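Colleague: any chance you can model this:
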Amino acid sequence: MTHPPISSAAPPGAGPALPAPPPPRRTAFAEGVDRLRTAATTEPGRLRLIGAVLALLIVAFGAVTAWQMTARATAADDVLHHSQPLSSDAAEIYRSLADANTAASSAFLAGGQETDASRELYESDIRNAAALLVTAASNAEPGSPADQAVTKLNTLLPEYKGLVERARVYNRQGYPVGGAYLRYANDKMQQDMLPTAQDLYETENTRLSSDYADATPYPWAAMALGVVALAALAWAQLRHYRRTNRLLNHGLVAASGATVVTLLWLVVGHTVARSGLEGSYEHGVRSLTVLHDARIASLKARGNENLSLVSRGAETIEVDGKSYDTYYYHFDQEMAALGNGLAQAAKLADGPADSKPVVAAEGNMKVWKQRHSAARQADENGDYQTALDEVIGTKDATAECFKSVDDNLNTALTLEKHEFQQRATDGRDAMTGLPIGAAMLGVAAASGALFGIGRRLSEYR
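Modeller: Down below sits the predicted model:
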């Protein structure tokens, strides 16, 4: 069976056939690529493309240089004016609290003979700690570990003062319970306040290390862009020479000169800055940390020495199956830490001027240990008054040795702070003007490149 052929003609009565739909419109990006491809087939088009790429590379180099060096300069300024001073303040908070505790125990041993100077020393330490806590609180972020430590210390400080005042009142009246209150105050200081102050000190040191880490890395991205921009400018000038037989294009030469200046300024400036900052750490911060630790050890040793006479054997500690007087045992531990700290500080000292107070402190420590041994022997033999005179007496007492150690450590700290500030300032100043200078030179170099390409384009008009 056959079927009639199918006709493609429209059936009778149907309307006209619909036109074919237009092809889909191309995207603006695709059309732009085609225009660029077409333009690149002519020399003016290629020159315009070269000019745009050169300007983009140069501007990117200037912008990245300005951004990276601004970040490093800010971090260097934080090291000098923020994190290191706060670290020193945290160490001073610890020192003031420990010294106040030592002054309180010395005053207690003096009993009714407490001097105005001893009382003023205690009050001065408490005021200094309170003032530094206010500064630390204003610089701590809410909820941060530093903020929590400061809040805790501000809570504990009035409690400690109250216990010391009770101990002083009962001691003046001759009541033995005064010694119990002083030991309770010392426990609060040793177990709660000083560990919290130590946490604050370590937190600020961590912040200081973070600022150093932000200030010292080489700006590799900016350096790489500078090399790429310089290579592109050299290629453009070589191309210009080959096509025109002209040795120089003034605009491209000016752009190359500005780029070279920026790159050299970046490399040399940051290298000098890095050297200064690393020097401030190696010859300043490290020494300051060791000296702070040594001073804290001397304060804790002095406090334990005083409290050994306050407790009169009432506190003992078991170590490796042997019983020791708690405060004499901790005194020995802190004196060992002091000796180690002074030995490290002497190695880190830059010269005779810096090592002189450290060597003097080592000599004071040796005499202190000798006098302490005599006082301990008298105490263990039941001669309490002789032991007391050896510790808080006005002549040839351990109090003189402690004061000499503390004074010499304070002198050493002052010298190291000056060393730190000088080197850190040199490091920060080496970056002065570099961010804004790089940005301005980048704009000038980009303008020079566009001007040079423009002069070449004018020949085709």
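
Colleague: what about this protein, any weak spots by pLDDT?
Modeller: The model of the chain has pLDDT under 70 over residues 1-26, 28-41, 110-115, 313-314, 461.

Colleague: name the single longest helix found in it.
Modeller: With secondary structure taken from DSSP state H, the chain has its longest helix at helix 43-78.

Colleague: against which helices or strands is that helix packed?
Modeller: helix 28-39, helix 194-215, helix 220-244, helix 250-280, helix 398-429, helix 434-457 (3 or more Cβ pairs under 8 Å, 6 or more residues apart in numbering; DSSP states H and E). Every C-beta, even on glycine, is put in place using the N, C-alpha and C of the backbone.

Colleague: residues of it that come out buried?
Modeller: Within helix 43-78, the residues that qualify as buried are 45, 47-48, 50-51, 54-55, 57-70, 72-78, counting by 16 or more other Cβ atoms under 10 Å.

Colleague: which positions in the next helix or strand after that helix come out as buried?
Modeller: On the C-terminal side of helix 43-78, the nearest following helix or strand under DSSP states H and E is helix 84-110. By 16+ other Cβ under 10 Å, the buried positions in helix 84-110 come out as 84-109.

Colleague: how far off helix 43-78 does helix 84-110 point, in degrees?
Modeller: Interaxial angle of helix 84-110 relative to helix 43-78 (axes from the mean of the first three to the mean of the last three Cα atoms, to 10 degrees): 10 degrees.

Colleague: distance from helix 84-110 to the middle of the chain?
Modeller: When C-alpha coordinates are averaged (Cα atoms, centre = their mean, to the nearest Å), helix 84-110 and its chain have centres 23 Å apart.

Colleague: what helices or strands is the very next helix or strand once past it leaning on?
Modeller: Reading on from helix 84-110 to the C-terminus, the next helix or strand found by DSSP H and E is helix 116-139. Taking 3+ Cβ pairs under 8 Å, 6+ apart as contact, the helices and strands that helix 116-139 lies on are helix 84-110, helix 145-172.

Colleague: give me that answer again for 10 Å
Modeller: helix 84-110, helix 145-172, helix 194-215 (3 or more Cβ pairs under 10 Å, 6 or more residues apart in numbering; DSSP states H and E).

Colleague: now tabulate these in CSV and tack on distance to Tyr384.
Modeller: Rendered in CSV, the data for the helices and strands packed on helix 116-139 read as follows (distance: least, Cβ to Cβ, whole Å):
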stretch, distance to Tyr384
helix 84-110, 10
helix 145-172, 15
helix 194-215, 28
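
Colleague: and these: which comes nearest Tyr122?
Modeller: Closest to Tyr122 of the helices and strands packed on helix 116-139, according to Cβ to Cβ: helix 84-110, at 4.0 Å.

Colleague: and the closest one, what does it pack against?
Modeller: Contacts defined by 3+ Cβ pairs under 10 Å, 6+ apart place helix 84-110 against helix 116-139, helix 145-172, helix 177-188, helix 194-215, helix 286-311, helix 384-392, helix 398-429.

Colleague: dump the ones you listed to TSV, plus mean neighbour count and distance to Val261.
Modeller: Supplementary listing: the helices and strands packed on helix 84-110 in TSV, determined by neighbours: other Cβ atoms under 10 Å; distance: least, Cβ to Cβ, whole Å:
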stretch	mean neighbour count	distance to Val261
helix 116-139	16	39
helix 145-172	18	43
helix 177-188	19	62
helix 194-215	20	23
helix 286-311	25	36
helix 384-392	18	68
helix 398-429	20	19
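
Colleague: residues touching Ala185, list them.
Modeller: Applying Cβ atoms under 10 Å, 6 or more residues apart in numbering to Ala185 gives the contacts 101, 104-105, 108, 159-167, 193.

Colleague: oh, I was asking about Thr70
Modeller: Going by Cβ under 10 Å, 6+ apart, the list of residues near Thr70 reads Met431, Leu434, Pro435, Ile436, Ala438, Ala439.

Colleague: wait, Gly341 sits on Lys300?
Modeller: No - between Gly341 and Lys300 there is no contact, the gap being 11.8 Å when judged by Cβ atoms under 10 Å.
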